[in-house]
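Student: Make a model of this:
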Amino acid sequence: MFFLVLFLLISTVCSQDYYTAAVIDYSPHLISSPSELSITLNEFNNFCKIASQKGAQIIIFPEYGLLSQRGLNRDNILPYLEYIPDPKSSTQPIIPCGNIEFKNRTIMKTLSCIAKQNNIVVVADMGDIKPCTNSSSTNDCPSDGRFQFNTLVAFSETGELIARYHKYNLYNEHFFDPSPSVEISTFTTSFNVTFGMFICFDIMFEHPAYDLVLQKVQNFVYSTKWVNSNYLLAVQAQQSWSGQNKVNLLASNIGLSIKTSGSGIYSNGEILASTFNPTFNKSSRMLISQVPKIPKQQMTTIEMSLNIRAVVKESMIPISAIPPHDITIVTFVPELNQKKSIQILANNNNLTCEFSYSGARNHHFHTPTLGLLAFAGEIEGGHQVELCAVSLCNNSTKDSCLEYIFNSGIQIDSFSIKGSYKKDQHMIPIVNTSPPLKQLPKYESPSPIYSIKNLKKSFIG
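Tutor: Next comes the predicted model:
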């Protein structure tokens with residue numbers, strides 16, 4: 001298997017103030033039987049071997065890196081699930097490698113041995129199963145008599161299971177059950193760093209991710225299978241969450257294509273290393289970087305040359321989490337070279353979104369259409385969401401504002417976006433440019449306004 005290693009080290013600092021991390025933007029194999037898991041696990045081992053040789057002390061694999069079958073349901077996923085004990089409830093270390101009790105739990109046993117043999121902390125996503133009855137469970141037992149959880153596990157360099165986290169905020173995962181309660185999962189490594197854990201869609205919500213921030217956790221491992229949209233790209237969402245919470249984030253994503261890719265290592269919103277697959281071809285990449293144990297202090301943004309590339313040509317793929325007919329989209333063509341501020345408004349279910357901009361310039365033959373998106377309501381999984389976003393459109397139609405567009409020729413010097421959000425909202429401000437900003441402008445939570453001045457890059461959303 002061919003993959004690219006991007007290796008970044010900071011050599012001028014004391015090693016005890018830093019640790020070395022690896023994240024994998026991994027393109028999984030489609031498997032049709034549990035016996036084929038060995039292919040993926042062998043690749044995981046190869047990644048760990050190289051990462052360890054490069055000095056990495058911890059490595060993160062993505063959500064659904066192992067569970068990569070098509071058409072999953074509660075029954076056909078069952079052969080790939082394994083009972084995962086809670087290490088926090090055990091009085092003895094749980095080391096599946098070489099342990100006869102785990103001989104039929106191939107994934108746990110192999111991950112444990114990979115960590116031990118390569119002397120590296122391994123974090124991976126897998127499926128947990130818990131048999132239940134309504135009489136034995138304090139929660140409603142599913143009709144098939146088992147809880148099935150999307151689960152993040154961590155193994156130490158000795159192969160010990162040191163943490164387990166059940167995903168709380170599921171997204172279109174009807175074959176899994178949400179954790180009955182919010183789990184606050186952490187683990188502390190031999191290099192004296194405590195990590196918090198969460199998975200994919202959790203990043204959009206207060207629990208459990210922000211709960212961990214409130215507990216003063218400063219380093220996080222994050223596995224995801226993120227579907228990109230032109231105003232919500234994986235790398236920018238990860239960067240924003242790291243910066244907003246002033247923490248380190250090690251984020252591993254599936255690397256299937258331009259639709260599903262984007263991984264990175266971040267410190268207080270600064271990109272230490274990141275990757276994104278801009279094609280429709282499967283690709284795996286490993287990032288390795290030194291990470292300060294205490295997140296970096298915010299620095300001034302260093303700007304930045306324009307990089308204008310062509311719009312990706314692909315049929316419209318709507319934002320799957322929000323039914324398109326429920327979104328309000330107000331399209332407009334930016335007025336160019338205006339020093340005065342220009343306002344655009346959009347309303348949806350008592351939410352008012354306002355986009356103000358000035359100093360728009362165009363570097364293509366025609367000025368692209370933008371769309372101001374407003375949405376307030378329920379999305380997949382019963383979550384209530386309020387959204388204000390500005391998106392590039394492929395043409396003048398509103399539906400085209402929901403297409404995959406990752407590059408542009410429009411540059412906007414200054415802009416702000418404001419929403420009449422309800423109080424106590426969990427806010428994640430994101431800005432997408434081409435190429436990405438190395439650092440995001442400061443945002444003071446919980447302000448309903450996000451402003452950027454003197455932007456020197458091509459605007460995407």
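Student: and the residue nearest to Gly196 when sequence neighbours are not counted, what does it touch?
Tutor: Of all residues not flanking Gly196 in the chain, Leu212 sits nearest, at 3.7 Å (C-beta to C-beta, 6 or more residues apart in numbering). C-betas here are computed from N, CA, C, even on glycine. With contact set as C-beta atoms under 8 Å, 6 or more residues apart in numbering, Leu212 has these partners: Ile184, Thr186, Gly196, Phe198, Phe220.
Student: The third one reaches Ser185, doesn't it?
Tutor: Okay, so that is Gly196. Yes - with contact defined as C-beta atoms under 8 Å, Gly196 reaches Ser185; the gap is 7.2 Å.
Student: got the domain boundaries for the protein?
Tutor: 3-292, 324-459 (automatic domain parsing).
Student: got a markdown table for those, with mean pLDDT too?
Tutor: A markdown table is the format used below for these (pLDDT from 0 to 100):
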| stretch | mean pLDDT |
| --- | --- |
| domain 3-292 | 92 |
| domain 324-459 | 77 |
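Student: Could you identify which of those domains is most buried?
Tutor: Per-stretch averages of neighbours, counted by mean count of other C-beta atoms under 10 Å, single out domain 3-292 among the domains of the chain, with a mean of 20.
Student: ok, back up a step: just give me how far the one helix or strand the residue nearest to Gly196 maps to sits from the chain centre.
Tutor: Leu212 is located in helix 209-214, with elements delineated by DSSP states H and E. Centroid displacement of helix 209-214 relative to its chain, using C-alpha atoms, centre = their mean, to the nearest Å, is 16 Å.
Student: Now do stretch 338-345: distance to the chain's middle.
Tutor: On the basis of C-alpha atoms, centre = their mean, stretch 338-345 sits 33 Å off its chain's mean C-alpha point.
Student: ok, and the closest non-adjacent residue to Lys293?
Tutor: Val193 (5.6 Å).
Student: Repeat that for Arg146.
Tutor: Residue nearest to Arg146 in three dimensions, not counting chain neighbours: Pro131, with 5.2 Å by C-beta to C-beta, 6+ apart.
Student: correct me, but the one you found touches Pro142?
Tutor: No - in this structure, Pro131 is not within contact of Pro142 by C-beta under 8 Å, at 10.4 Å.
Student: Could you pull out the helices in the protein for me?
Tutor: 37-53, 106-118, 209-214, 234-245 (DSSP state H).
Student: tell me which strands and helices the last one is in contact with?
Tutor: Right, helix 234-245. Packing partners of helix 234-245 (3 or more C-beta pairs under 8 Å, 6 or more residues apart in numbering; DSSP states H and E): helix 209-214, strand 248-253, strand 263-267, strand 270-275.
Student: Of all these, which one is nearest Leu66?
Tutor: strand 248-253 (12.5 Å; C-beta to C-beta).
Student: so what strands line up beside the closest one?
Tutor: Using DSSP bridges, the strands paired with strand 248-253 are strand 219-224 (parallel), strand 263-267 (antiparallel).
Student: can you put these in a markdown table and add distance to Tyr80?
Tutor: Below are those laid out as a markdown table (distance: least, C-beta to C-beta, whole Å):
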| stretch | distance to Tyr80 |
| --- | --- |
| strand 219-224 | 16 |
| strand 263-267 | 23 |
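Student: Quick one: closest of those to Leu373.
Tutor: Closest among the strands paired with strand 248-253, using C-beta to C-beta: strand 219-224, at 22.5 Å.
Student: quick check: angle from that closest one to helix 234-245?
Tutor: 150 degrees (axes from the mean of the first three to the mean of the last three C-alpha atoms, to 10 degrees).
Student: contacts for strand 219-224?
Tutor: 58, 60-63, 65, 123-125, 152, 154, 193-200, 203, 209, 212, 234, 238, 247-254, 291, 293.
Student: can you tell me how far Thr224 sits from Val193?
Tutor: When C-beta to C-beta, to the nearest Å is applied, the distance between Thr224 and Val193 equals 21 Å.
Student: Am I right that Gly377 is in contact with Asn349?
Tutor: Yes - distance between Gly377 and Asn349: 5.8 Å, which falls inside the contact criterion (C-beta under 8 Å).
Student: Next, the distance between the ends of stretch 111-125.
Tutor: Using C-alpha to C-alpha, to the nearest Å, the end-to-end distance of stretch 111-125 comes to 11 Å.
Student: show me what contacts Gly371?
Tutor: Gly371 sits in contact with Ile329, Val330, Thr331, Phe332, Val390, Ser391, Leu392, Cys393, Lys398, Cys401, where contact means C-beta under 8 Å, 6+ apart.
Student: can you tell me which of the residues you listed lies nearest to Gln384?
Tutor: Ile329 (20.3 Å).
Student: My guess is that closest one contacts Ala346. True?
Tutor: Yes - Ile329 lies in contact with Ala346 (C-beta under 8 Å); the separation is 7.2 Å.
Student: residues shared between the contacts of these two?
Tutor: Common neighbours of Ile329 and Ala346, using C-beta under 8 Å, 6+ apart, are Leu372, Leu373.
Student: ok, back up a step: surely the residue nearest to Lys293 meets Pro292?
Tutor: No - assessed by C-beta under 8 Å, Val193 is found out of contact with Pro292, at 10.3 Å.
Student: Could you report the separation of the residue nearest to Asn245 when sequence neighbours are not counted from Phe195?
Tutor: Spatial nearest neighbour of Asn245, chain neighbours left out: Val213 (4.7 Å); criterion: C-beta to C-beta, 6+ apart. Per C-beta to C-beta, Val213 is found 13 Å from Phe195.
Student: what do you get for Asn253?
Tutor: 18 Å.
Student: just Gly371 next, same as before
Tutor: Between Gly371 and Phe195 the distance is 38 Å, computed by C-beta to C-beta.
Student: re earlier: Throw the contacts of Gly371 into CSV and include distance to Gln148, thanks.
Tutor: Listed next are these as CSV, based on distance: C-beta to C-beta, whole Å:
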residue, distance to Gln148
Ile329, 37
Val330, 42
Thr331, 43
Phe332, 46
Val390, 39
Ser391, 35
Leu392, 39
Cys393, 40
Lys398, 39
Cys401, 37
